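Engineer: show me the folded form of this:
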Amino acid sequence: MKQIQTVWVVGAGAMGSVLAALLHKSGKVQTHLVGASPHWQKVGREGLAFETSGQGVEQLPVPARAWEDIPRLGPTDLVLLTGKATDLPKVAERLGPLLGEEAAIFAVQNGLGVRELAERLLKRPVEAGVAFFGAHSAGPGQVTFFGPGRVVLTAGEGGQALSGLLPAEAVRFEMVEDYRRAEWSKLAVNCLANPLAGILNLTSKELTQAALDPAKEALLAEVKAVAMAEGVELEITVAKFNSLLKSSNIPSLRTDVERGRPTEIDFLNGAIVELAAKHGIPAPANQLVTSLIKTMTG
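Structural biologist: Numbering: from 1, shown residues only. As a prediction, this is how the structure comes out:
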């Protein structure tokens, strides 16, 4: 099995910061958080204020590494791409020249087609994962983990190496043969939670209110129809969606709207609209929320 000594978490957002913190705490590998944002800079100066929801805050000395300080990566290195899909082109431009042939790389990002985009940009195979847990950064140097959680991975040598790096009670890494179903299941959740939270300024738990169920039903029906046309049968229902959202986590698209950052709507509901057109399936609900988010963010 592939032996990993160093994990490079590229993308110092909420999810990346949680994974970097948990990997650092495990002590099984050297972990570096790669970025350039004010959040990343504060982590480099003062460490990461890591809160597990309901369990207090730890100040963790997670190493923050600048792009120019990254060596050429080889067979004992593993890269986790955890930033926004919209940032992939500029990330690939900086990361590509640093990747040796045997370095493992995972795209652990929201949205449909992200793995394929990473492969095109990096001109090499990329493994993938979808994260099922909540994470939120209230300010620079801070992150809250709403766990426990799991990360579903494509089956492969890199996934085998990654699967043993974290304790299952924190985040469980799972390799699956039917990765597309996991990818579409996470997409379905994101296509409901993210646009509605962004438009209505709600937390995850607030999205479960019954008054929003008709909107969720409309969005989900279109997602399931498009998934079926793509060969994936989804079993998720609005009731199941509501049961998953138990925390006060703030979905990432709402945070992006609040902070005036580009959103991932084109990789979420926008991707549904595009595929719906390809298959001749009406998708007015997903078109509506896509248009609203784009209008809100200029």
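Engineer: looking at the chain, which helix or strand is least sure?
Structural biologist: In the chain, no helix or strand scores lower on mean pLDDT, DSSP states H and E than helix 157-163, which sits at a mean of 83.
Engineer: residues making contact with that one?
Structural biologist: With contacts defined as Cβ atoms under 8 Å, 6 or more residues apart in numbering, helix 157-163 is touched by 1-4, 78, 104-106, 127, 129, 153, 173-175. C-beta here means a position set from N, CA and C on the backbone, and glycine is covered the same way.
Engineer: what subset of these is buried?
Structural biologist: Neighbour-count burial (16 or more other Cβ atoms under 10 Å) applied to these gives 4, 78, 104-106, 127, 129, 153, 173, 175.
Engineer: A277: which of the residues you listed is nearest?
Structural biologist: Nearest to A277 among the buried ones among the contacts of helix 157-163: G129, at 28.5 Å, using Cβ to Cβ.
Engineer: tell me the buried residues in the strand ranked longest in the chain?
Structural biologist: Using DSSP state E, we find that the single longest strand of the chain is strand 142-154. Buried residues in strand 142-154, defined by neighbour count with 16+ other Cβ under 10 Å: 142-147, 149-154.
Engineer: please narrow the buried ones among the contacts of helix 157-163 to those residing in strands.
Structural biologist: Using DSSP E, the buried ones among the contacts of helix 157-163 in strands are 78, 104-106, 127, 129, 153, 173, 175.
Engineer: nearest to G56, of those?
Structural biologist: F173 (25.1 Å).
Engineer: just give the nearest non-adjacent residue to the closest one, would you?
Structural biologist: S163 (4.1 Å; Cβ to Cβ, 6 or more residues apart in numbering).
Engineer: for the one you found, the count of nearby residues, please.
Structural biologist: 16 (other Cβ atoms under 10 Å).
Engineer: now do it against M175, distance only.
Structural biologist: Separation of S163 from M175 (Cβ to Cβ, to the nearest Å): 6 Å.
Engineer: what is in contact with these two at once?
Structural biologist: Shared contacts of S163 and M175 (Cβ under 8 Å, 6+ apart): L153.
Engineer: just the buried residues of stretch 245-265, please?
Structural biologist: So, applying 16+ other Cβ under 10 Å, buried residues of stretch 245-265: 245, 247, 249-257, 261, 263-265.
Engineer: quick one: distance of stretch 290-298 to the chain centre.
Structural biologist: In terms of Cα atoms, centre = their mean, to the nearest Å, the centre of stretch 290-298 is found 21 Å from the chain centre.
Engineer: which ones are touching the residue most central in space within the chain?
Structural biologist: Residue closest to the mean C-alpha point of the chain, counted by Cα atoms, centre = their mean, is Q109 at 3.5 Å. The neighbours of Q109, taking Cβ under 8 Å, 6+ apart as the test, are 11, 81-85, 88.
Engineer: which one of these is nearest L60?
Structural biologist: Among these, and counting by Cβ to Cβ, the member closest to L60 is T82, at 16.6 Å.
Engineer: wait, doesn't that closest one sit right on G11?
Structural biologist: Yes - if you go by Cβ atoms under 8 Å, T82 and G11 touch, sitting 3.9 Å apart.
Engineer: so between the two, which is more surrounded?
Structural biologist: Neighbour totals were compared for T82 and G11, and T82 leads with 28 against 25 (other Cβ under 10 Å).
Engineer: how much space between the residue lying closest to that one once chain neighbours are set aside and F145?
Structural biologist: Nearest-residue entry for T82: G16, 3.3 Å, with adjacent residues in sequence omitted and distances by Cβ to Cβ, 6+ apart. As defined by Cβ to Cβ, G16 lies at a distance of 12 Å from F145.
Engineer: before we move on, what about F132?
Structural biologist: In terms of Cβ to Cβ, F132 sits 13 Å off from F145.
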